[in-house]
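# Have a look at this prediction, sequence included:
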Amino acid sequence: MAIIPNKPRAILIDVIPSSMDEKVAKRRLMELEQLTQTYGGIIIVKLIQKRGTPDYRTYIGTGKLEELIELAREEKAEVLIINNLLKPGQMFNVNELLRKAKLNMQAWDRVDLILKIFDRHAKTAEAKLQIKLAAIRHMGPRIFGMGMELMQQKGGTGARGGQGETNTELMKRHLFEQEQKVKRDLERVSVAREGHRKRRDRVGLKTVSVVGYTNAGKSSLLNALSKKGAYVANALFATLDTHVGKIWIANPSSSPSSRGGSEVLISDTIGFIQDLPPELIDAFRSTLDETVDADLLLHVIDVSDKHVHEKIVEVEAVLKHIGADTIPKIYVFNKMDLVKRKPANINKKEYAEYTPLFVSAHSGVGLEELKTAIGKHLGLI
């Protein structure tokens, strides 16, 4: 098997239907490029292939794969990243062709790349468990598919085919046992989280959850509001772990000397992304429970992003998937320090029901107004 270095030279390819809008296609490839850079890959070629239907055996087609193999030889590429979710047999066939071409190269699909980013960025034991669970669920079907492919190549019956089947069953059982162990460990974390939530409910402590597209500035906003000190980077999935801080919501009717007001807990979690696979969302279920149980959501939006409306829709789709779409929310258009004025393409009336506010977590603009809005939504002011 190929050994992938810390900064692999990568060929990117996205397979799309012929009917896909050019702007959508470019955005998909741009996001794959950003994911690859977040992982640390060096992009040497990026391609878009239009197909009516994916190839049954290799997804991208044998002819195109042969072209990529020659390109990989010329450019000394170490990884081929396909911006789609491949079936186990397709991924096995692609890597087999790379192996037969005697290339020091591996093929990854979109989920492989995201999981590798997750693995590099995970800090807490909980995040590492969640990533392990997602990886097991992603690799399980591939082990079975690989075994079936080997059986077919060896004739399907007889001693060698039978041995392939036996090895497959052993691997399936091993992965099942690993999955059950990880789920038990995560269940213990979930029970502890539930205990914390019940204690907060008993003392009447309100909770706010920060959600949004990855790299929208969620951790920066949490830091600015609570002085928590969560890790911040200009990269996709820079933080995977839940961070919890406290905000003081002052009561304007109280005298300054009395320091009247209320304390509110604020937390952020994994950022969302276009076409985030359901199994990854489900793997982070225990973390996302903080979002589902919140009294208020702050949907953080990068106001400088030219795909702002599409990303709002995609975040709302994930919130619906996890059952958090009915929780009251405020739309926080962040990164105002990166634009000269409020963008003309953002109509406040369109989002009026979500109390849209324009802020900069970096410069502090609009944060006091945001705190007031949080207090009003929670009935504290």
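Happy to help now that I have it.

# From here on, just use CA atoms for contacts and neighbour counts.
Fine.

# So which bits of stretch 331-338 are buried?
Y331, V332, F333, N334, K335, M336, D337 (16 or more other Cα atoms under 10 Å).

# which one of the residues you listed is nearest Y39?
K335 (23.9 Å; Cα to Cα).

# any low-confidence regions in the stretch 101-250 of the chain?
Applying pLDDT under 70 to the stretch 101-250 of the chain flags the ranges 143-166, 197, 200, 202, 228-241.

# The helix or strand where I13 lies: what's the following helix or strand?
Using DSSP states H and E, I13 sits in strand 9-16. Next along the chain after strand 9-16, taking DSSP H and E as the criterion, comes helix 22-39.

# Rounded mean pLDDT for the helix or strand just after that next one, please.
Downstream of helix 22-39, the next assigned helix or strand under DSSP H and E is strand 42-50. Computed over strand 42-50, the mean pLDDT rounds to 95.

# Pairing partners for strand 42-50, with directions?
strand 9-16 (parallel) (DSSP bridges).

# For the strand it pairs with, give me every contacting residue.
With contact meaning Cα atoms under 8 Å, 6 or more residues apart in numbering, strand 9-16 is reached by 25, 28-29, 32-33, 41-51, 54, 60, 72, 76-84.

# What segments of the stretch 251-381 of the chain are helices?
Along the stretch 251-381 of the chain, counting by DSSP state H, counting those that start in this stretch, helices occupy 278-283, 285-292, 308-321, 367-377.

# Need these in CSV (columns: distance to V264, mean neighbour count and mean pLDDT).
Output for the helices of the stretch 251-381 of the chain, formatted as CSV (distance: least, Cα to Cα, whole Å; neighbours: other Cα atoms under 10 Å; pLDDT from 0 to 100):
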stretch, distance to V264, mean neighbour count, mean pLDDT
helix 278-283, 26, 17, 75
helix 285-292, 14, 21, 77
helix 308-321, 22, 16, 93
helix 367-377, 9, 17, 96
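
# Out of those, which is closest to V189?
helix 285-292 (7.7 Å).

# just checking, what packs against that closest one?
helix 158-202, strand 206-212 (3 or more Cα pairs under 8 Å, 6 or more residues apart in numbering; DSSP states H and E).

# same thing but 10 Å
helix 125-153, helix 158-202, strand 206-212, strand 261-268, helix 278-283, helix 308-321 (3 or more Cα pairs under 10 Å, 6 or more residues apart in numbering; DSSP states H and E).

# what residues does the host helix or strand of L65 touch?
Assigned by DSSP H and E, L65 belongs to helix 62-75. The contact list for helix 62-75, computed with Cα atoms under 10 Å, 6 or more residues apart in numbering, reads 9-13, 44-45, 49, 55, 58-59, 76-80, 93-94, 97-98, 101-105.
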